[in-house]
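> Build me a model from this:
(2 chains)
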Amino acid sequence: MNFEVGTGLYLMGLALAVGLGLPIAVIGAALGQGRAAAGAMEGMARQPEIAGRIQTGMILALAFIESLVLFSFVIFFLLQGRLPTVGQ
Amino acid sequence: MDERLNTLWTLTQTGIAAEIAPPVFSVLSGIAALALVVFALAATSNMQKRPGRLQNLAEIIYEFFDNLAVSLVGERGRKYVPLAGTIFLFVLFSNLMGLIPPGVAPTASLNTTIALALIVITYVQYESIRANGVVGYFKHFARWGEVPVFVSPLMFIIEVVSELAKPVSLSVRLYANMFGKEQVTLALITALAVPLFKSAYIPLPIQFPVMMLGLLVAFVQAFVFALLTLIYLALATEHADHHGEHAHAH
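Model prediction:
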């Protein structure tokens, strides 16, 4: 009995982590990327002559932010593999 | 039919990497490398003053990376152009292979991306030692002369850890992007197309938006990989000459 409660709690935590982990990461990254892109656009509008260099920097910053989401995406798949299927 | 649906279901549940053995990815990346060789030979075999289509394409790519390297690293960045350009083309070819329906991108496997990242990081260390000398290489890690002496040991640890984190983030970024695209495509097929059309191979309209996104991601990730290669090289060799205009991204 005790064992079953423990397993249930474990599975509940696992399901919550699988379901909510990635969206939380996405919310944070979306806010960050929005700020980065907004700043870059503003810079480009003010100084169109260095738009190319700003764009390079912006892509780099977006890639760095995005890689954090992708880390949690990989972890999402690792956790998802541990969830039992309906049959089990 | 049931058999096929079951296979698809296993693919989405366990991930492609678990289903497809590493040798398959090796063969696929071999094909990508071979395609690069063919492209290079075809573009340079009959060079003319007024370039044809292929030569023009190759020149555009080379010029783009030449400008990028000079703006990031400075004049001595010219010698890194072949490495960065080759990595860009290889990653781009590999990424695009995943968009042709039965294919899988070799970069959707950690084996391929870790190999690429290790090549880059090893070369960065080599260049750093060559530019600064062995003593200068370790001084660079300790930020010697830039921070107070008693902070140097701490800086050394921090810098070593961040140096070790570079190949990890470099490889996982590319892997997770391509793997994610494949997974989302597969999930759309199993979750929507199979129940709607009762077939695994009709669902083009449903996975089409993801494929378009995959096309964008393929280009951006290839560019980011090459860009980061250049930036790591710029950071590793920046002490060799002591005048301004360096990459300061970190």
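
> how about the residues of chain A that lie near chain B?
Proximity of chain A to chain B (CB under 8 Å from any CB of the partner chain) is limited to residues A:53, A:56-57, A:59-60, A:63, A:66-67, A:70-71, A:73-74, A:77, A:80-81, A:85. For every residue, glycine as well, the C-beta is placed using N, CA and C.

> Go again with 10 Å.
By CB under 10 Å from any CB of the partner chain, the part of chain A that sits against chain B consists of A:52-53, A:56-57, A:59-64, A:66-78, A:80-81, A:83, A:85.

> Those residues in helices, which ones?
A:52-53, A:56-57, A:59-64, A:66-78, A:80 (DSSP state H).

> show me what contacts the residue in chain A that chain B sits nearest to?
Closest approach between chain A and chain B, counting by CB to the nearest CB: residue A:70, at 3.5 Å. Applying CB atoms under 10 Å, 6 or more residues apart in numbering or on different chains, we find residue A:70 in contact with A:25, A:29, A:63, A:76, B:169, B:172-177, B:179-180.

> repeat for residue A:35
Applying CB under 10 Å, 6+ apart, the residues contacting residue A:35 are A:61, A:65.

> mind checking how far it is from residue B:77?
30 Å (CB to CB, to the nearest Å).

> gap between the worst-scoring helix or strand of chain A on mean pLDDT and the chain center?
One helix or strand of chain A scores below all others by mean pLDDT, DSSP states H and E: helix A:51-80, with a mean of 84. How far helix A:51-80 lies from its chain's middle: 8 Å, per CA atoms, centre = their mean, to the nearest Å.

> Buried ones among the ones in helices among the residues of chain A next to chain B?
Using 16 or more other CB atoms under 10 Å in any protein chain shown as the burial test, these include A:56-57, A:59-64, A:66-67, A:69-77, A:80 as buried.

> circling back: let's see if you can find the most crowded of the contacts of residue A:70.
residue B:174 (30 neighbours; other CB atoms under 10 Å in any protein chain shown).

> Which other helices and strands does the helix or strand hosting it contact?
Counting by DSSP states H and E, the element that carries residue B:174 is helix B:152-188. Packing partners of helix B:152-188 (3 or more CB pairs under 10 Å, 6 or more residues apart in numbering or on different chains; DSSP states H and E): helix A:51-80, helix B:2-14, helix B:16-19, helix B:81-97, helix B:110-142, helix B:204-236.

> go with 6 Å
Judged by 3 or more CB pairs under 6 Å, 6 or more residues apart in numbering or on different chains; DSSP states H and E, helix B:152-188 is in contact with helix A:51-80, helix B:2-14, helix B:110-142, helix B:204-236.

> now for those helices, which one comes closest to residue B:47?
Between residue B:47 and those, the tightest spacing by CB to CB is seen for helix B:204-236, at 23.7 Å.

> Check whether the closest one comes near chain A.
Yes. Contact of helix B:204-236 with chain A (CB under 6 Å from any CB of the partner chain) involves residue B:224.

> Check which residues of the helix or strand containing residue B:28 are buried.
In the assignment (DSSP H and E), residue B:28 maps to helix B:22-44. Of all the residues in helix B:22-44, those buried under the rule 16+ other CB under 10 Å are B:25, B:28-29, B:32-33, B:35-36, B:43.

> How far away from the center of its chain is stretch B:56-63?
Its chain's C-alpha centre and that of stretch B:56-63 lie 19 Å apart, by CA atoms, centre = their mean.

> Quick check: the residue nearest to residue A:79 when sequence neighbours are not counted vs residue A:72, distance?
Spatially, and ignoring its direct neighbours in sequence, residue A:79 is nearest to residue A:18 (5.0 Å; CB to CB, 6 or more residues apart in numbering or on different chains). Distance of residue A:18 to residue A:72, computed by CB to CB: 11 Å.

> Tell me the residues that contact both of the two, please.
Counting by CB atoms under 6 Å, 6 or more residues apart in numbering or on different chains, residue A:18 and residue A:72 have no contacts in common.

> residue nearest the centroid of chain A?
For chain A, the residue nearest the mean C-alpha position is residue A:69 (2.6 Å; CA atoms, centre = their mean).

> residues contacting it?
By CB under 6 Å, 6+ apart, the contact set of residue A:69 is A:25-26, A:29.

> Try it again at 8 Å.
Applying CB atoms under 8 Å, 6 or more residues apart in numbering or on different chains to residue A:69 gives the contacts A:22, A:25-26, A:29.

> Not counting its neighbours along the chain, what's nearest it?
Once flanking residues are discounted, residue A:69 sits nearest to residue A:29: 4.5 Å by CB to CB, 6+ apart.
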